[in-house]
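[1] here is my input; please provide its structure:
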Amino acid sequence: MSQKAEISWKRDAGDGTRVVVYARHFGGVWRFYTREKRYDQWQENQTPPLEDWMQLLACVRRRMNRGLLDPDQERKVLKLIQEHYPGAPVS
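    Model prediction:
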């Protein structure tokens, strides 16, 4: 996960367990992967929840400010959030 296009974070899975999520941007597509423990296999998440998309947006904004991502990535992620979750409150 050393590429600029890979972003990871931790979140609660809803049942009290913590999961590690990482999003990978490759070929113009963001793909989400999750795992519970360090040596578990990464599982691709075809339908990530809105919480993961919002976390990705926050991470993209931070990386843009540091010059690690293109400024148009924020606009692209916002567009994807609106496509997957119409009416979602994004700012």
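[2] give me the number of residues near residue 81?
    17 (other CB atoms under 10 Å). Just so you know, the C-beta spots here come from the backbone N, C-alpha and C atoms, and that holds for glycine as well.
[3] which of the residues in the lengthiest helix in the chain are buried?
    Looking across the chain with DSSP state H, the single longest helix is helix 50-65. By neighbour count on 16 or more other CB atoms under 10 Å, the buried set for helix 50-65 is 52-57, 59-60, 63.
[4] got it, and stretch 36-48?
    So, applying 16+ other CB under 10 Å, buried residues of stretch 36-48: residue 48.
[5] please put the alpha-carbon coordinates of stretch 36-49 into PDB.
    Extracted in PDB, the C-alpha atoms of stretch 36-49 (Å, rounded to 0.1, in the frame of the first residue of the first chain):
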ATOM      1  CA  GLU A  36     -10.400  -7.800  10.000                       C
ATOM      2  CA  LYS A  37      -7.000  -9.000  11.100                       C
ATOM      3  CA  ARG A  38      -3.500  -8.500   9.900                       C
ATOM      4  CA  TYR A  39      -3.000 -11.800   8.200                       C
ATOM      5  CA  ASP A  40      -6.500 -12.200   6.800                       C
ATOM      6  CA  GLN A  41      -6.900 -12.000   3.100                       C
ATOM      7  CA  TRP A  42      -8.200  -8.800   1.600                       C
ATOM      8  CA  GLN A  43     -11.800  -9.100   0.400                       C
ATOM      9  CA  GLU A  44     -13.000  -6.800  -2.300                       C
ATOM     10  CA  ASN A  45     -16.200  -4.900  -1.300                       C
ATOM     11  CA  GLN A  46     -18.300  -4.400  -4.400                       C
ATOM     12  CA  THR A  47     -20.800  -2.100  -2.600                       C
ATOM     13  CA  PRO A  48     -19.000  -0.100   0.000                       C
ATOM     14  CA  PRO A  49     -21.200   1.800   2.500                       C
END
